[in-house]
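Novice: mind looking at a prediction? Sequence and model below.
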Amino acid sequence: MRRGLICGTFDLFHVGHLNILEKCRRHCDYLIVGITSDEYVRNIKHHEPLMSDDDRCRIISALKIVDECRVFTEAEIKNKLEYCNLHNIDVVFDGDDYVNDERYKKVQEYGRTEVMFFPYTKGISSSQLKSTLNEYNK
């Protein structure tokens, strides 16, 4: 069984999120989705999440293409290699804007876990949706 992992914020779930999760699922038999904790969003992305990490995890868990979903701490996100080793992850996924991220270089150097990057869906993002909502609220 090929185990896959993708981590993300998944705030304001939209079709771009669904697209990347479907792509991930096509490359593994068991898909684990790591939801970035509220702490991570505040400390790393420097904004307040619109939905709590528990609510975001609940939404992702409801998708039939997802086998397991859990909230990942800031430390777990920063050290994906350790998680991959402990949980026998065969492939880890992310958006193509992370191709040069040091975390993935470490995973690739280890050699056991494959790393796959996918392009984002053009024309939609959580940031774009937030901006549009802010415009409507003016």
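Specialist: On my side now, so go ahead.

Novice: ok, residues contacting the one helix or strand residue 109 maps to?
Specialist: Mapping residue 109 onto the secondary structure by DSSP states H and E places it in helix 102-110. Contacts made with helix 102-110 from outside it, assessed by CB atoms under 8 Å, 6 or more residues apart in numbering, are listed as 78-81, 84-85, 92, 94, 98, 113, 115. (Each C-beta comes from the backbone N, C-alpha and C, glycine too.)

Novice: repeat for stretch 57-65
Specialist: Judged by CB under 8 Å, 6+ apart, the contacts made with stretch 57-65 from elsewhere in the structure are 10, 13, 18, 21-22, 25, 31, 33, 35, 51, 66, 69-71.

Novice: likewise for stretch 68-86?
Specialist: 5, 7, 30-37, 39-40, 43-44, 53-54, 57, 60-61, 89, 92, 103-104, 106-107, 110, 112-113.

Novice: CA atoms only: put the helix or strand bottoming out on mean pLDDT in the chain into PDB for me.
Specialist: Ranking every helix and strand in the chain by mean pLDDT, DSSP states H and E puts helix 126-136 at the bottom, with a mean of 76. Presented in PDB, the C-alpha positions along helix 126-136 are these (Å, rounded to 0.1, in the frame of the first residue of the first chain):
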ATOM      1  CA  SER A 126      -7.900  31.500  -0.500                       C
ATOM      2  CA  SER A 127      -6.100  34.900  -0.600                       C
ATOM      3  CA  GLN A 128      -8.100  35.800  -3.600                       C
ATOM      4  CA  LEU A 129     -11.400  34.700  -2.000                       C
ATOM      5  CA  LYS A 130     -10.600  36.700   1.100                       C
ATOM      6  CA  SER A 131      -9.800  39.800  -1.000                       C
ATOM      7  CA  THR A 132     -13.100  39.500  -2.900                       C
ATOM      8  CA  LEU A 133     -15.000  39.100   0.400                       C
ATOM      9  CA  ASN A 134     -13.300  42.200   1.800                       C
ATOM     10  CA  GLU A 135     -14.300  44.200  -1.300                       C
ATOM     11  CA  TYR A 136     -17.900  43.100  -0.800                       C
END
